[in-house]
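Visitor: Can you look at this prediction? I've put the sequence above it.
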Amino acid sequence: MYALRAHVDKMYDVGREAEKEGRPVAWVMLEPWSAAILSCMDVQTVFPENYGTICAASGAAATFLERSEAEGFPNHLCGYARNCLGYTAMMTEMGQIPPMAPGGGMPKPMLLVSSGAVCDARFKWFQALGRYFDAPIWVIEVTTSGPREALMEGAYEREVNFMVNELREFVTFLEKLLGKKMDWDKLEERRKQTRELNKVWWEVNHLTKAVPCPMHLRDFYSSMSAALYRSGHEAEEITRLYRGMYDEVKQRVDNKISAINYEEKYRIIFEGLPPWHSLGFFDQLAERGWNFVTERYYHPGRVAEVDLTGISDPIERYVRTRYQGLAKSIDETFEPEEAVKVKEEIMQKGFSQYIAARKVKDYKCDGAFLHTLLTCRGTTAPLRRIASHYLDVWKVPSITVEGDIVDLTLFDPADALRKAEAFEETMDHYKELRRKEGLGW
């Protein structure tokens, strides 16, 4: 975990070195497409969303949040965006990285790569950076089909073609901006490397289904950043480290070693984005026997086998490796007869209760921890429906705790702990109910 974390810290060092030497640096939104392409064009990538977590964990975020509000940005805006905008305003005013910036700070970018995925705040945030930087912005658009539409005949091919065209335009833009040609052989190499990395990373997290769970969610959050933010630049080394992590976690599974130093009384799924400023709260719950075994937002999916026979276009090969589509994902997850039923349910209802609730069954969860965020509609909006699926399908109850990803003032750990203590009685009740109904755990 610590070696993986070091690779993410290195991202900021390498970025600052590149800026000093006059080499291109891009601030990039988290999405699965642009990082590998940028690395093939020798552009160093820095991710302001990740930097928001570092500022929150170090306590530095408060200063940047205050400056963001002083700049006129509302306090209900995404915490990552507010932290970045405040940081940028201070850097522009000082003419240098603010001295209180943790990790040495983010270097000034020559390019902003935004994304149309998840929420409007993401691409509008980078647009707002135009107040401070004279840097071009490129928005990576993504397919946003609803479940029914994604299962319609020909949907997968249409979505692949959409992304191929988007990325082809992106490469053309980069070639003009940087005055150099794309290295297509390097992109093919990155495709293979990141596929292997994601495969090993999925295998690591698949082991946490074991009872007792061998790896706590805090360890997952600390080690996931390498796969999310550095796979485009250091995929082989990071894959090697994940293989080492797999061996360690597997050894714990074989010897029934729990991730917490207490009896595992409750297995919890975390829903939403974590309170990066208060990860120690998980330790308090661990003392009560709470083992956070999984979450839904960042965990990698199974890496499916992809037939690339006859496909020579490197961008299309890259897209087909990275994008499965809903139908293929269902086929990879369920047995054939069950997959047919799931698809029929989606076409009838527009969603599948069974898919939404399946993870609590697979990981034998006793409860769901819903972290609702005033500043993130994208992750908060579906939580009530997900909670109802967990309860209706598998009799797994949920607790709701209000907080934020960056702003510590919106999280009350003492009140959250009181709620958690009371919630244990609810989990005990539903444990007994599941046993009576023969649900398996």
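Guide: Looks like it came in fine.

Visitor: sec struct for the closest residue to residue 16 other than its chain neighbours, please.
Guide: Spatial nearest neighbour of residue 16, excluding adjacent residues (CB to CB, 6 or more residues apart in numbering): residue 107 at 4.6 Å. Quick note: C-beta positions are derived from backbone N, CA and C, even for glycine. Here residue 107 is recorded as coil under DSSP: H, G, I helix; E, B strand; the rest coil.

Visitor: right, and residue 107 touches residue 101 too?
Guide: No: between residue 107 and residue 101 there is no contact under CB atoms under 8 Å: 10.7 Å.

Visitor: What ranges does the protein have for its strands?
Guide: 25-28, 44-46, 111-115, 137-140, 266-271, 290-295, 367-373, 398-403 (DSSP state E).

Visitor: Nearest to residue 219, out of those?
Guide: Residue 219 lies closest to strand 290-295 among the strands of the chain, at 9.8 Å (CB to CB).

Visitor: so where is the stretch 1-150 of the chain shaky, pLDDT-wise?
Guide: Under the criterion pLDDT under 70, no range of the stretch 1-150 of the chain is flagged.

Visitor: Show me where it has its helices.
Guide: 2-20, 34-40, 48-58, 61-70, 79-94, 120-128, 147-150 (DSSP state H, counting those that start in this stretch).

Visitor: Check the stretch 251-400 of the chain too.
Guide: Going by DSSP H, counting those that start in this stretch, the stretch 251-400 of the chain shows helices at 280-286, 314-322, 326-333, 336-349, 353-362, 377-380, 383-394.

Visitor: and the longest one, what does it pack onto?
Guide: Think helix 336-349. Other elements packing on helix 336-349 under the criterion 3 or more CB pairs under 8 Å, 6 or more residues apart in numbering; DSSP states H and E are helix 147-150, helix 326-333, helix 353-362.

Visitor: got the angle for it vs helix 353-362?
Guide: On the basis of axes from the mean of the first three to the mean of the last three CA atoms, to 10 degrees, helix 336-349 is oriented at 130 degrees to helix 353-362.

Visitor: Using PDB, write out the CA atom coordinates for helix 336-349.
Guide: What follows is helix 336-349, C-alpha atoms only, in PDB (Å, rounded to 0.1, in the frame of the first residue of the first chain):
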ATOM      1  CA  PRO A 336     -26.600 -17.400 -18.900                       C
ATOM      2  CA  GLU A 337     -30.100 -18.100 -17.700                       C
ATOM      3  CA  GLU A 338     -29.800 -15.500 -14.900                       C
ATOM      4  CA  ALA A 339     -28.300 -13.000 -17.400                       C
ATOM      5  CA  VAL A 340     -31.400 -13.300 -19.600                       C
ATOM      6  CA  LYS A 341     -33.700 -12.600 -16.700                       C
ATOM      7  CA  VAL A 342     -31.700  -9.600 -15.600                       C
ATOM      8  CA  LYS A 343     -31.800  -8.100 -19.100                       C
ATOM      9  CA  GLU A 344     -35.600  -8.700 -19.300                       C
ATOM     10  CA  GLU A 345     -36.100  -7.000 -15.900                       C
ATOM     11  CA  ILE A 346     -34.100  -3.900 -17.100                       C
ATOM     12  CA  MET A 347     -36.100  -3.700 -20.400                       C
ATOM     13  CA  GLN A 348     -39.400  -3.800 -18.400                       C
ATOM     14  CA  LYS A 349     -38.500  -1.500 -15.500                       C
END
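
Visitor: ok and it relative to helix 326-333, angle-wise?
Guide: Relative orientation of helix 336-349 and helix 326-333, computed by the same axes, to 10 degrees: 150 degrees.

Visitor: Need the contact partners of helix 336-349.
Guide: 147-148, 151, 326-327, 330-331, 333-334, 352-355 (CB atoms under 8 Å, 6 or more residues apart in numbering).

Visitor: which of those lies closest to residue 213?
Guide: residue 333 (20.6 Å).

Visitor: surely that closest one meets residue 304?
Guide: No: the criterion here is CB under 8 Å, and residue 333 misses it with residue 304 at 9.9 Å.

Visitor: quick revisit: nearest to residue 69, of the helices and strands packed on helix 336-349?
Guide: Across those, closest to residue 69 is helix 353-362 (CB to CB), at 36.2 Å.

Visitor: Can you list the buried residues in the closest one?
Guide: Residues 353-361 are the ones in helix 353-362 that count as buried (16 or more other CB atoms under 10 Å).
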